[in-house]
Structure formats: structure tokens, C-alpha cells
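> structure for the following, please:
(2 chains)
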Protein chains: 2
Amino acid sequence: MKLGRISVDGPDGATPRLVLVVPEEQRVIDLRRTLLWELEQEGASYDSALRYAEGVFPGSMSAAIGLGNSFTQVAERINKSRPDRYSLPFDKVTWLPSSDPSVVRDGLTFVGHIKGFHEKIGHAPNPCLLQIPGYFKGTPHTVIGHEAEVAWPGYIQHMDYELELGYVIGRQARNLHPDNALDHLFGITIFNDFSARDRQAIEMPIGMGPTKCKDFAYGIGPWITTVDEFADLDRIGMEVRVNGEVWGKGDSSNKLWTIAELLAWASLGEVLVPGDVIGSGTMGGGSALELDRKLQPGDVVELIVEGVGTLRNKMGQPQEGIWWPEERKPFM
Amino acid sequence: MKLGRISVDGPDGATPRLVLVVPEEQRVIDLRRTLLWELEQEGASYDSALRYAEGVFPGSMSAAIGLGNSFTQVAERINKSRPDRYSLPFDKVTWLPSSDPSVVRDGLTFVGHIKGFHEKIGHAPNPCLLQIPGYFKGTPHTVIGHEAEVAWPGYIQHMDYELELGYVIGRQARNLHPDNALDHLFGITIFNDFSARDRQAIEMPIGMGPTKCKDFAYGIGPWITTVDEFADLDRIGMEVRVNGEVWGKGDSSNKLWTIAELLAWASLGEVLVPGDVIGSGTMGGGSALELDRKLQPGDVVELIVEGVGTLRNKMGQPQEGIWWPEERKPFM
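You can find the predicted model right below:
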């Protein structure tokens, strides 16, 4: 089953809607409206049916996934019938991020990228990387969906993409063990961890994690494919194209930490919430840094993941006039 | 004006309520119930008054602050009359975190702590710290309020507190300049950035920011004091006591980066949301690390901030049986 979020015009302005995605028919089906119609056919009053349908299919993917079976069973039933009514063709859709995570997390699991990245920046990976599955946390307020333009703050010179899987959490979790961690995985989406390499070089040495080098945009979309549709999560084909040209191609194999280990680790001592997105880390060769290349304003970046689809984003123009701090004098 | 959040029993279980805090009378006033009563006195129907009062005073402090003047003006009016009805004495209150931030951010601004911390860990501050105002992002799902017990995951040996101010954001903001950043500050709360020094030593070198060394608990409370009540935000008295003994005492002066610079920096390229809490960074001498001491299970930590009050938390017992990853072999 493929599930997404779109924006439609309503009497109060733009409003988010959950949709069932049917890529082979290039259309989406509005889930709330479909359920509302079904309930009315069964004799429910409009007001009561609407209240119920709003509960099952809110505008938030996180809230929907958080409902558990009450959400997925109804969505699966509609996925079997795939009615024609309340459909919208792809070319009329405004996509939203496929999930609205409470926290964006991003791991570092593909051996090929860890090697490639450290060869380019000219030093060996810190040995601590072998002790624990490193990840960083990003702001949830700059996630963007398929076809959205990527903000480019003017203080960024060296712009890059990162080709990643997004692991979408299905159930609230704390202190998972790898043996049961995958039970908490709802599906796979595509995750583009846009990265400013020049800013990253200043931020990483501080040790407090990325801020301005990452938090300007996280691409999440175009939709979520539920885990049952994948034969092997460690053999998913992945590709990145810039302006139509293939810049990287590979698959999701060769990980330092398994998906189960990454999820379990992220859950230790804190809380994974339904709809949270955890980036897999960049596929080996899945960043332009590894190719000695960089993005330019206006470039179109496509991340293609087998079993999901294509997440396409165009880089915006640099935004000038943003304040920047003055360097301080050493004090010790 | 002092505003807080408490938990009360309702027909659907525990429910959060916004309260006006009157420390000198050791009581809180339920804001929604008070407004509901006022509206009914003016002739509004119960249902309509409730719907409106729920809008003005939701259970979320972030949602309330996000309303802007429609929230603060009504709260200020109630603060002037301070009615007796719908009051609860402090000794019957279950406190919630004073805000429910979308993101926890924590800066590093007090020169005294930067010096003290680096002397103890035995190396100089990274020069990048002089270029930009470093901060990290924490999960919002482990914030705890006044009098809540602090979770102690068993993988933590070296437990510490950090005495900080919490800057509560008042208005949505992006790309602020320091000249107007303070217009976006709603108030001050107390922030305890509990820290596992042994875990931190493994996580910080990876460069992706703190995870397990911080994300187990963030103390935020006991309430928020609005900025208009402070004569000078850079001269706020601060103190920490452990089991009643003073372990640190100072004030909010001597910063490497001003509050305005920290807020502006945090807003660059991304979004500050009403109710977000940005930690000031630890006051010089505001951690036990600087004293060669550490916390033990059962210790009671009190952070006292002039103009706000006391945030008191008791350390829990270590939780055993949590999975831990096996170290990997070097691969390059």
C-alpha cells in the first residue's frame, strides 16, 4: 500500500489530506472523503460520518499512523476496491511531505558513504563510529515534499544532496531490542538530506551536531510504501539524477548497522513516535561530495528508490541579506 | 505574569491545563475554566463559551502562545483580577513541563562554563566555537516538569545536571536579526539539561550531536515568567542545590553570544515556533563536572532562578536490561 499527503484548497485555505497513491494509474484517492461516502451509504448521518472519518484520516500522517490498525485496516480495504470517485490525477496534485515527523533523525549506516566521505574530507572516521550507531536530529519545520523548491540560504556556497531511505516509524517505542525493532517500522519513503558542506566543516567540530548545514531543508516523499511490499529491505535499488543525468546508483546493502539496530538505538532512553522519519544515512556514492561535484541554483535533483518512486526537487535561488555572526576573540 | 501547565484528572484520563501561577499565594488559577465562567456571566451559552475558551486556552502552552495577543490579553486580564474560584493550592498540583516545545534547543553561551568544561575534559575549546553560536537539538518527547522523577537509563554511569535559563519563543520566526530577535522572546523558564558525561565522551567525537547522553530527560519548569517582569536578562541570579546543599551560584552575565544573537542564529534558514525552548547553555559553575562531582540515584536537584522560582527533580533509579550495541571492527 502506498500512502501520501497532498494539499488542497478549502474554505479556510490550504488543507492537508491523506491519500492512497496508485502510481500505475497516476492518481491518488482522497481517503477521508471516500470513507465519508461509504459511511453515508451505510446510513450514517453526514455529521457523524464526517467526525468519524476525520478521526480515521486526519491531515497528519503521524496522527493517522498513530491510530494503528483502526487506520491501516480501513486504508487497506479502500486499497482493495480503489474506487474512481474522489480521485485526483498526479498532474493536479500538490504534494506535501509524505510524513510530518515530530523529529527528523538521520543515521550513518552505509559503509561506502562513510569511506567516501572521509576520503574526501581527508581524515579517518572517528573510532567512536564503531562503538555506537551515530545519528543526528533535525528540525521538523523545514521538511518539504515532492516537487517542492529547496530553500537556499545565501550563506551556503557548497550545496549537496544525500540519497537515503526514510524509515517511517509505525508504533510508539522506547528501549527497543533489535529482535523486535522491525515490528515498529511502518514503511519506506525517500529522504533527501540536503547538506551544506562549507557550513558543515565549521559546525561538526563543535560536537553539538549539524544546525545550519542541514536544517534548511529535508526532502521527504513522494509517498510511503508500507513494509509488506518489500521482499528485502537490504536490497532496494537506489539512484540519484541531477538534471536528468545519473550521478549515483546502487542499493541499500552493505550497512555498518542493521535497520533494526539503528531503530533500537534511536529508541534507547527516549521515544520514537509514529510518523517519525529516520534517515538510513547516505548510500555509498549517494552524495556529490564523493564525486567532487556540487549543486547549483536551479538544479533538479531526483532520488529514485525501487518500490517507492521518485522524489524530485528543484534547488531555489540563494536568499541574500541574512545576518551572520561576527567571530569572537579567543578567551582561553 | 507567570504561566504554567498542570495535569488534572478528567473523564478521559489525565488532561493538561494552562494555569496562571500566583507564587505569593501558593496557588494556580485554571485559565480555561475561569474564562468559561466569565463568558457565561456575559450571557454566552455553555457550548459556545467552552468552544471559545478551549481555543484561547488549549492544553498546549505552545498552541496558546502561538495565538499571540488573543491569548496574552485574556491571560493578563485574569492576572489583574486573580479570582478565587477555580484555584488549586500548590500542594495539590501535578506540574507538567511549563512549555511543550516542538524542538528542544540548547546553546553554549556562558564563558565560565565553556572554560570550566574544557579544563575538566582536558582540551581547549574548538576554535569553531568562536565563529558561530553552537547549539544542539534535543528530542521534545522526554521533557519533564517540576517535581517529576528523572529517568536514569542503566547505561549511564556519570550523571550530571546543567543549570540553565530556558528562553521561551513567543512568535514564529525565520532569519531574525539580533536587532529584532528579542521581540520574539515570550518569557523565561528554568531548564535542566541533564547530561551523561560518560556517554557524551563517546558521542561528541562523532560530530552528529548528543543523543543518548542528553535525550533521556530535559527539565522544563516550574513555570514561565513573561519577559516584562525582568529588569535585566543579563543579571538574573541562578543557583543549584543538590539534596539541599548549594553546589553552584552565580548569574546570567558574561556571555560569549547575547540572547539576541543566539535566537537570531537559531532562526537562520529554519523556523522557531511559539513555545519552543532554547537553553541558554550552562551557567559557569552550573554543572557538577566542573566540581569533580556527580549525581547519584535518588539525589534531589533544585535549580533556582531569580524571578522564576525553583525547578526541583529527583533522580530515579537506574533502569537495567536495556540493549546495547556490539562494537564493530574497523573497515578502513
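> contacts only, for residue A:309.
Going by C-beta atoms under 8 Å, 6 or more residues apart in numbering or on different chains, residue A:309 touches A:23, A:190, A:222, A:223. Glycine gets a C-beta too; all of them are placed from N, C-alpha and C.
> what of residue A:284?
Contacts for residue A:284 were tallied using C-beta under 8 Å, 6+ apart; they are A:110, A:111, A:112, A:113, A:115, A:116, A:250, A:254, A:290.
> how does it look with 7 Å?
For residue A:284, the contacting residues are A:110, A:111, A:112, A:113, A:116, A:250, A:254, taking C-beta atoms under 7 Å, 6 or more residues apart in numbering or on different chains as the criterion.
> the first one - how many residues pack around it?
As a burial measure, residue A:110 scores 29 neighbours (other C-beta atoms under 10 Å in any protein chain shown).
> can you check the last one too?
Other residues within reach of residue A:254, judged by other C-beta under 10 Å, total 15.
> state the distance from it to chain B.
Between residue A:254 and chain B the distance is 10 Å, computed by C-beta to the nearest C-beta, to the nearest Å.
> how about the contacts of residue A:284 in TSV, adding secondary structure and pLDDT?
Shown next, in TSV, are the contacts of residue A:284 (DSSP: H, G, I helix; E, B strand; the rest coil; pLDDT from 0 to 100):
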residue	secondary structure	pLDDT
A:110	strand	93
A:111	helix	92
A:112	helix	91
A:113	helix	88
A:116	helix	88
A:250	strand	97
A:254	coil	94
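> using CSV, write out every CA atom in the helix or strand containing residue A:265.
In this assignment (DSSP states H and E), residue A:265 forms part of helix A:259-267. The C-alpha coordinates for helix A:259-267 follow below in CSV (Å, rounded to 0.1, in the frame of the first residue of the first chain):
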residue,chain,number,x,y,z
ILE,A,259,18.0,-1.2,10.2
ALA,A,260,16.9,-3.0,13.4
GLU,A,261,20.0,-1.8,15.3
LEU,A,262,19.5,1.8,14.1
LEU,A,263,15.8,1.8,15.2
ALA,A,264,16.6,0.1,18.5
TRP,A,265,19.5,2.5,19.2
ALA,A,266,17.4,5.6,18.4
SER,A,267,14.7,4.4,20.8
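> next structured bit after it?
Under the assignment DSSP H and E, the closest C-terminal helix or strand after helix A:259-267 is strand A:277-279.
> that following strand pairs with which strands, parallel or anti?
Strand A:277-279 has these partner strands in its sheet, going by DSSP bridges: strand A:104-107 (parallel), strand A:163-169 (antiparallel).
> CSV please, covering these and showing mean pLDDT, distance to residue B:218 and mean neighbour count.
Supplementary listing: the strands paired with strand A:277-279 in CSV, determined by pLDDT from 0 to 100; distance: least, C-beta to C-beta, whole Å; neighbours: other C-beta atoms under 10 Å in any protein chain shown:
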stretch, mean pLDDT, distance to residue B:218, mean neighbour count
strand A:104-107, 98, 17, 26
strand A:163-169, 98, 21, 29
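> wait, which of those is closest to residue A:142?
Comparing the strands paired with strand A:277-279 by their distance to residue A:142 (C-beta to C-beta), the top pick is strand A:104-107, with 8.7 Å.
> mind checking how far that closest one is from the chain centre?
Computed by C-alpha atoms, centre = their mean, to the nearest Å, the chain-centroid distance of strand A:104-107 equals 9 Å.
> burial check on residue A:180, number of neighbours?
By other C-beta under 10 Å, 12 other residues sit near residue A:180.
> just the buried residues of the lengthiest helix in chain A, please?
The helix spanning the most residues in chain A, taking DSSP state H as the definition, is helix A:69-81. For helix A:69-81, the buried set under the neighbour-count rule, 16 or more other C-beta atoms under 10 Å in any protein chain shown, comprises A:71, A:72, A:74, A:75, A:78, A:79.
> residues in contact with it?
Contacts of helix A:69-81 with the rest of the structure, by C-beta under 7 Å, 6+ apart, involve A:1, A:3, A:20, A:29, A:31, A:34, A:35, A:56, A:64, A:65.
> next: stretch A:142-156.
Judged by C-beta under 7 Å, 6+ apart, the contacts made with stretch A:142-156 from elsewhere in the structure are A:95-98, A:101, A:104, A:159, A:194, A:196, A:198-199, A:215-222, A:297, A:311-320, A:322, A:324, B:268-271.
> if any of those are buried, put those into a ChimeraX selection.
The following ChimeraX command selects only the buried members of the contacts of stretch A:142-156, with burial defined by 16+ other C-beta under 10 Å:
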select /A:95,96,97,98,101,104,159,194,196,199,215,216,217,218,219,220,221,222,311,312,313,315,316,322 /B:268,269,270,271
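> just the ones of the contacts of stretch A:142-156 in strands?
Among those, the members found in strands (DSSP state E) are A:104, A:159, A:196, A:218-222, A:311-319.
> sorry, back to before: who does the helix holding residue A:265 touch, helix- and strand-wise?
Counting by 3 or more C-beta pairs under 7 Å, 6 or more residues apart in numbering or on different chains; DSSP states H and E, the packing neighbours recorded for helix A:259-267 are helix A:178-181, strand A:277-279.
> at 8 Å what do you get?
Taking 3 or more C-beta pairs under 8 Å, 6 or more residues apart in numbering or on different chains; DSSP states H and E as the contact definition, the neighbouring helices and strands of helix A:259-267 are strand A:104-107, strand A:135-138, strand A:163-169, helix A:178-181, strand A:277-279.
> quote the end-to-end distance of stretch A:236-246.
With C-alpha to C-alpha, to the nearest Å applied, stretch A:236-246 spans 17 Å between its terminal residues.
> what segments of the stretch 1-150 of chain A are strands?
Taking DSSP state E, counting those that start in this stretch as the criterion, the stretch 1-150 of chain A carries its strands at A:2-10, A:13-22, A:27-30, A:87-89, A:104-107, A:135-138, A:143-144, A:149-153.
> of all these, which one is nearest residue B:124?
Proximity to residue B:124, assessed across the strands of the stretch 1-150 of chain A by C-beta to C-beta, is greatest for strand A:135-138 (24.2 Å).
> so for the closest one, what's the average pLDDT?
Here strand A:135-138 scores 98 as its mean pLDDT.
> re the thing from before, mind checking the pLDDT average for the longest helix of chain A?
Mean predicted confidence for helix A:69-81 is 98.
> so residue A:250 bridges to which residues?
With DSSP bridges as the criterion, the beta-bridge partners of residue A:250 are residue A:238.
> residues near it, how many?
Residue A:250 sits with 19 neighbouring residues when counted by other C-beta under 10 Å.
> do the same with residue A:52
Neighbours around residue A:52, by other C-beta under 10 Å: 15.
> ok, now residue A:243?
Should you count by other C-beta under 10 Å, residue A:243 turns out to have 13 residues around it.
> distance of it from chain B?
Counting by C-beta to the nearest C-beta, the gap from residue A:243 to chain B is 24 Å.
> sec struct for the residue of the stretch 151-300 of chain A found nearest chain B, please.
When distances are taken as C-beta to the nearest C-beta, the stretch 151-300 of chain A approaches chain B most closely through residue A:209, which lies 1.9 Å from it. The local conformation at residue A:209, judged by DSSP: H, G, I helix; E, B strand; the rest coil, is coil.
> residue B:165 versus that one, what's the distance?
Using C-beta to C-beta, to the nearest Å, one gets 21 Å for the distance from residue A:209 to residue B:165.
> can you tell me what sits against stretch A:110-122?
Where contact means C-beta under 8 Å, 6+ apart, the residues beyond stretch A:110-122 that reach it are A:108, A:124-125, A:129, A:201, A:250, A:252, A:254-256, A:280-287, A:289-290, A:292, B:331-332.
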